[in-house]
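A.B. asks: Please find the sequence and the predicted model below.
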Amino acid sequence: MRDLTKGKPIRLIFLFVLPLVLGQLFQQFYSIVDVHIVGETLGEVPLAAVGATTPLSDFLIGFLNGFCNGFAIVVATCFGAKDEKRVRKAVAASFIVGAVLAVALTIPGTLFLKPVLHFLNVEDSLIPMSVSYIRVIITGLIFSVLYNTCAAVLRGIGDTVTPLIFLILSAGLNIGLDYLLIVGFHMGVSGAALATVLSQAISAGLCVMRIIKRYPMLHVAGPDLKFDSKLYKNILTTGVSMGLMISLVNLGTLVLQSAINSFGPYVIVAHTAARKATSVYMLPNSVFGSALATFAGQNFGAGKYDRIRVGFRQSMIAVCIWDLMICALSWIAGEQIIGLITASQNKEVLFWGAWYLKFDTIFYALATAVVLFRNTLQGMGFAVMTILSSFFELATKAVVAFMLAPVMGYRGIILCEPVAWAVMLIPLVIKWIMIIRSPKMVKEK
């Protein structure tokens, strides 16, 4: 457990972030390995079938993961206030709400799968493989929720190491199962999906066992299961806002995918690879954002508002330095990165994937500001503006794609995200200025 209300903010944030970075790296690593193995063993067409469904799985998993991140904020606030009884009640409510949510998304996700793929303009020739892949992923959402709920609860009390250990193990299992199921049992793209689900299930089970053995504070008993309307309202409000914050971003990507799928399999493969690289590029954004949400939650619960300002400012500087390095890397070795991910030497794939990375990384400072503002505000309990900002991104992506894709082709899609980041940032900055100038914050300062 780590108390984030005492000590130098940036040091605490870095110590909190390091396990998250390593965990996300391994998670992204085996996600990229999935793509590489499919491309290497099955070819570009099956890879296009997987890539065509990636925004859909990202949308569903993103909402669930975001919802679970909301659990971390509630637990962190209770932990910061030194209320162990309420911590246990928050843990119990988190697992109950998470399980219900997983079931609620799995059922419609499997029933309406084909209509959604048609809506996304997935080519008829790709649909059978796309269905066989995404159906397995959706069926295994319950394991993703279980792992992320455990990880969120542990992050709420300052432990980011335990989820990391089991995530690393999960990554190794995923790679081994990929080769076993795809190459050994000839299961095709469904084997890649099953490998991911099985590795998540094992990781989730180990996390549960660790909590039972190591953290008595988190052990839930009968009284903790008693319904508390205020607590459930807080969890639902925070979880929904965090889930919407992420899923609306992914929904914007999902909207773009319907246009991307019309450009043919090579552009789909290029975009899939570029998005995988982007996921790694933006790791500091996401992990510093998660750290700031917990950091802000604990310090807001303790009434230490100036620490929130300092932590935000120092984190922003640290991540922007990373953004500059990533931009330089993309311009120097963009084609090589895309080729490594896809196991392809097709010139069209390499060109479009590299061009996506080169152009978008120029504007990464905007994305960094958006993520850090949103998570800090979320951790402080200001959920409405974070959701509004995500709606702005969704609307912007849809409008820009509708206007530019027919005229500029895939270049119009590439332009969408920087424009969306700029639009999203406006309400967040306005809200942040209003908060830091509020009487309570000014008085504390």
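C.D. replies: It's in.

A.B. asks: Dihedrals phi and psi, residue 37?
C.D. replies: Residue 37 has phi and psi values of phi -70, psi -40 when expressed as degrees, to the nearest 10.

A.B. asks: Tell me the pLDDT of it.
C.D. replies: Per-residue confidence at residue 37 stands at 83 (pLDDT).

A.B. asks: and it, how many residues sit next to it?
C.D. replies: 21 (other C-beta atoms under 10 Å). For every residue, glycine as well, the C-beta is placed using N, CA and C.

A.B. asks: if I look at it, how far off is residue 181?
C.D. replies: Per C-beta to C-beta, to the nearest Å, residue 37 is found 10 Å from residue 181.

A.B. asks: Identify the contacts common to those two.
C.D. replies: Counting by C-beta atoms under 8 Å, 6 or more residues apart in numbering, the common neighbours of residue 37 and residue 181 are residue 192.

A.B. asks: What is whichever helix or strand residue 277 is part of packed up against?
C.D. replies: Assessed by DSSP states H and E, residue 277 sits inside helix 265-281. The contact analysis (3 or more C-beta pairs under 8 Å, 6 or more residues apart in numbering; DSSP states H and E) places helix 265-281 against helix 9-41, helix 44-80, helix 229-260, helix 305-342, helix 347-361, helix 410-436.

A.B. asks: Please identify the most buried of these.
C.D. replies: Of all those, helix 44-80 has the most neighbours on average by mean count of other C-beta atoms under 10 Å, namely a mean of 25.

A.B. asks: which stretches of the stretch 1-150 of the chain have low pLDDT?
C.D. replies: 1-2, 30 (pLDDT under 70).

A.B. asks: Count residues in the vicinity of residue 43, would you?
C.D. replies: When neighbours are counted by other C-beta under 10 Å, residue 43 comes out with 12.

A.B. asks: Next, work out how far apart it and residue 236 are.
C.D. replies: Residue 43 is 45 Å from residue 236, by C-beta to C-beta.

A.B. asks: Report the contact partners of the closest residue to residue 84 other than its chain neighbours.
C.D. replies: Counting by C-beta to C-beta, 6 or more residues apart in numbering, the nearest residue to residue 84 once its immediate chain neighbours are dropped is residue 217, at 5.7 Å. Contacts for residue 217 (C-beta under 8 Å, 6+ apart) come out as 1, 84, 87-88, 157.

A.B. asks: Next, the buried residues of the host helix or strand of residue 205.
C.D. replies: Using DSSP H and E, residue 205 falls within helix 189-214. Going by neighbour count (16 or more other C-beta atoms under 10 Å), the buried part of helix 189-214 is 189-204, 206-207, 210-211.

A.B. asks: Just the C-alpha atoms of stretch 216-231, please, in PDB.
C.D. replies: The C-alpha trace of stretch 216-231 is given here as PDB (Å, rounded to 0.1, in the frame of the first residue of the first chain):
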ATOM      1  CA  PRO A 216      -6.800  -8.300   4.900                       C
ATOM      2  CA  MET A 217      -8.000  -4.700   4.500                       C
ATOM      3  CA  LEU A 218      -9.700  -5.800   1.200                       C
ATOM      4  CA  HIS A 219     -11.400  -8.900   2.600                       C
ATOM      5  CA  VAL A 220     -15.100  -8.500   2.100                       C
ATOM      6  CA  ALA A 221     -17.500  -9.900   4.800                       C
ATOM      7  CA  GLY A 222     -21.300 -10.100   5.000                       C
ATOM      8  CA  PRO A 223     -21.900  -6.500   6.300                       C
ATOM      9  CA  ASP A 224     -19.800  -5.100   3.500                       C
ATOM     10  CA  LEU A 225     -22.200  -6.500   1.000                       C
ATOM     11  CA  LYS A 226     -25.100  -4.500   2.400                       C
ATOM     12  CA  PHE A 227     -26.500  -2.100  -0.200                       C
ATOM     13  CA  ASP A 228     -25.300   1.500   0.300                       C
ATOM     14  CA  SER A 229     -27.100   3.800  -2.100                       C
ATOM     15  CA  LYS A 230     -24.700   6.700  -1.700                       C
ATOM     16  CA  LEU A 231     -21.700   4.400  -2.400                       C
END
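
A.B. asks: in it, what counts as buried?
C.D. replies: Neighbour-count burial for stretch 216-231 flags 218, 220, 224, 228, 231 (criterion: 16+ other C-beta under 10 Å).

A.B. asks: Which pair of the residues you listed spans the longest distance?
C.D. replies: Pairwise distances across these peak at 16.8 Å for 218 and 228 (criterion: C-beta to C-beta).

A.B. asks: what separates the residue most central in space within the chain from residue 247, distance-wise?
C.D. replies: Among the residues of the chain, the one closest to the centroid is residue 62, at 5.2 Å (C-alpha atoms, centre = their mean). Going from residue 62 to residue 247 by C-beta to C-beta gives 5 Å.

A.B. asks: Could you check how far stretch 365-382 is from the centre of its chain?
C.D. replies: The chain centre lies 14 Å from the centre of stretch 365-382; the measure is C-alpha atoms, centre = their mean, to the nearest Å.

A.B. asks: How about stretch 155-175?
C.D. replies: Distance of stretch 155-175 from the chain centroid (C-alpha atoms, centre = their mean) equals 15 Å.

A.B. asks: what do you get for stretch 147-166?
C.D. replies: 15 Å.

A.B. asks: ok, then the element right after the helix holding residue 277?
C.D. replies: Following helix 265-281 in sequence, per DSSP H and E, is helix 283-301.

A.B. asks: now that following helix against helix 9-41, angle please.
C.D. replies: 140 degrees (axes from the mean of the first three to the mean of the last three C-alpha atoms, to 10 degrees).

A.B. asks: Now do helix 283-301: distance to the chain's middle.
C.D. replies: For helix 283-301, the distance to the chain centre is 14 Å (C-alpha atoms, centre = their mean).

A.B. asks: Next, the angle helix 44-80 makes with it.
C.D. replies: 20 degrees.

A.B. asks: Which neighbouring elements make contact with helix 283-301?
C.D. replies: By 3+ C-beta pairs under 8 Å, 6+ apart, helix 283-301 packs against helix 9-41, helix 44-80, helix 141-156, helix 305-342, helix 364-379.

A.B. asks: Swap in 7 Å and give it another go.
C.D. replies: Helix 283-301 sits against helix 9-41, helix 44-80, helix 305-342, helix 364-379, with contacts defined as 3 or more C-beta pairs under 7 Å, 6 or more residues apart in numbering; DSSP states H and E.
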